[in-house]
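Asker: Give me the fold of what follows.
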Amino acid sequence: MWPKVVDYVRWQRAARAARQAGQAVPDLPDIAPLSINLDLTTACNYACDHCIDWDILNSKVRHEDQELRDSIERMAERGLRSVILIGGGEPTLYPGFAAFVEFLKGLELSVSVVSNGSRGDRLLAAAPFFTEGDWVRLSLDSGSNDIFRRMHNPSSKTLTLDEICSWMPKIKASNPALQLGFSFVITWKGGSRGEVKIIENIHEMVLAAKRASDAQFDYISFKPFLERQEDGAEVMDPAKTEAELKAVVARIQQNLEEARGAVREGFRVLASTNLRVLMSGTWRDYTKQPKTCHMQMLRQVVTPLGSFNCPAHRGVEKAKLGDKDLWQVPAAGQHATVKLLDTFDASHECREVTCLYNSTNWWLEELVNASAPLPDEAPAPEQRDWFL
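Answerer: So this is what the prediction gives:
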């Protein structure tokens, strides 16, 4: 990744110098984002009470398969390294889901999937195409069938957590190299999505960890519930339950410790960055952004509704780079990115966002402002983890 980062930083230095001198800004180098979140569809067969993308689900807008493939090919030619199939919608509902995974792997991309797990048959069909480092993570958020159904409201009247987990041994047998994750968004009383009250699940953390361990998942990842504020940004808002927050954090910490003692050897119980900073009380530090969000060059979101600068602003008009096929013609993607780099003020627009890339953005800002030459060699060994 380092050569692409060097190209970008050198361009930013030249662009800022040109603006200061009243000259024309040079063209962005012939590069594409290193990583994208790709929403294959807005269709979803759940009605989750805690869904962050509720307002954009089940629209009639769709990708044209060949146009989408052309866009991804153009991006891969210019430096794209990874694609995270996510949503927006449920990616396994996309017609030809397994074939699309095969297409991405044919471009030698790292590929991952975030799914609700309802179509285990399609995940199994795609399993042989994944390679070392790829992963599938299921958003399950529960340890019991009762809480699972109450939180997710699947359209199928018979779908259970038991059924979803029963597919994991089959997927592992098909491809042992594929990493399987169990995602658990922690919810507590006081949270809401508009007028919809959120069902609490803290008490299910240990049960979920044990279930995930027994079902041959490789890890469980715990993260706090996020909400969309009025301007569309995806934020963590513990202030809404400030009075109870200390007690909530104590309960989460206790359940995390118990979960780590309830699983098989080698199984990982992970606390997300958002959860760690919530528990440490430092989450506000991650909302202080530089004016320029550099990560919007390195990572973008492609959806049927258009292309956007960040998962935290998926579907938000002011964060829109262009149409869904923006990168099919590379110059269009570069021009749109340059425009948003200049006009999207992250210090204001992201002032409530607990940004996972906060430290990376500040590090890149320091590189841009520095006068020292950029080294040809990367500052750290290549980890081959391109899921930015």
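Asker: contacts and neighbour counts: CA atoms only from here.
Answerer: OK.
Asker: Correct me if wrong: Ser221 contacts Leu270.
Answerer: Yes: the criterion here is C-alpha atoms under 8 Å, and Ser221 meets it with Leu270 at 4.7 Å.
Asker: neighbour count winner among the two?
Answerer: Using other C-alpha atoms under 10 Å as the criterion, Ser221 and Leu270 rank with Ser221 on top: 19 against 16.
Asker: for the more buried one, what are its contacts?
Answerer: Gly181, Phe182, Ser183, Phe184, Val269, Leu270, Ala271, Ser272 (C-alpha atoms under 8 Å, 6 or more residues apart in numbering).
Asker: can you tell me the helix or strand for the third one?
Answerer: Using DSSP states H and E, the element containing Ser183 is strand 179-186.
Asker: so which of the contacts of Ser221 is the most crowded?
Answerer: Within those, Phe182 tops the neighbour count with 27 neighbours, counted by other C-alpha under 10 Å.
Asker: Quick check: bridge partners of that one?
Answerer: Leu138, Ile220 (DSSP bridges).
Asker: Now do the same for it: its pLDDT.
Answerer: pLDDT recorded at Phe182 is 98.
Asker: Touching, it and Ile220? I think so.
Answerer: Yes: using C-alpha under 8 Å, Phe182 is in contact with Ile220, at 4.5 Å.
Asker: Spatially nearest residue to Ser59, not counting backbone neighbours?
Answerer: Thr42 (6.1 Å; C-alpha to C-alpha, 6 or more residues apart in numbering).
Asker: Now do that neighbour against Cys350, distance only.
Answerer: Distance of Thr42 to Cys350, computed by C-alpha to C-alpha, to the nearest Å: 25 Å.
Asker: in the protein, which spans are helices?
Answerer: Secondary structure of the chain (DSSP state H): helices at 2-20, 65-77, 97-106, 120-126, 145-152, 161-166, 168-174, 205-214, 242-260, 273-280, 295-298, 330-343, 346-349, 358-369.
Asker: Now render those as JSON lines, adding mean neighbour count.
Answerer: Converted to JSON lines, the helices of the chain look like this (neighbours: other C-alpha atoms under 10 Å):
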{"stretch": "helix 2-20", "mean neighbour count": "17"}
{"stretch": "helix 65-77", "mean neighbour count": "17"}
{"stretch": "helix 97-106", "mean neighbour count": "17"}
{"stretch": "helix 120-126", "mean neighbour count": "18"}
{"stretch": "helix 145-152", "mean neighbour count": "18"}
{"stretch": "helix 161-166", "mean neighbour count": "17"}
{"stretch": "helix 168-174", "mean neighbour count": "17"}
{"stretch": "helix 205-214", "mean neighbour count": "22"}
{"stretch": "helix 242-260", "mean neighbour count": "15"}
{"stretch": "helix 273-280", "mean neighbour count": "18"}
{"stretch": "helix 295-298", "mean neighbour count": "21"}
{"stretch": "helix 330-343", "mean neighbour count": "17"}
{"stretch": "helix 346-349", "mean neighbour count": "16"}
{"stretch": "helix 358-369", "mean neighbour count": "17"}
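Asker: could you dump those to JSON lines with distance to Gln289 and mean pLDDT?
Answerer: Output for the helices of the chain, formatted as JSON lines (distance: least, C-alpha to C-alpha, whole Å; pLDDT from 0 to 100):
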{"stretch": "helix 2-20", "distance to Gln289": "17", "mean pLDDT": "95"}
{"stretch": "helix 65-77", "distance to Gln289": "27", "mean pLDDT": "95"}
{"stretch": "helix 97-106", "distance to Gln289": "33", "mean pLDDT": "98"}
{"stretch": "helix 120-126", "distance to Gln289": "37", "mean pLDDT": "98"}
{"stretch": "helix 145-152", "distance to Gln289": "33", "mean pLDDT": "96"}
{"stretch": "helix 161-166", "distance to Gln289": "39", "mean pLDDT": "98"}
{"stretch": "helix 168-174", "distance to Gln289": "39", "mean pLDDT": "98"}
{"stretch": "helix 205-214", "distance to Gln289": "32", "mean pLDDT": "98"}
{"stretch": "helix 242-260", "distance to Gln289": "23", "mean pLDDT": "88"}
{"stretch": "helix 273-280", "distance to Gln289": "16", "mean pLDDT": "87"}
{"stretch": "helix 295-298", "distance to Gln289": "11", "mean pLDDT": "95"}
{"stretch": "helix 330-343", "distance to Gln289": "14", "mean pLDDT": "93"}
{"stretch": "helix 346-349", "distance to Gln289": "5", "mean pLDDT": "95"}
{"stretch": "helix 358-369", "distance to Gln289": "6", "mean pLDDT": "96"}
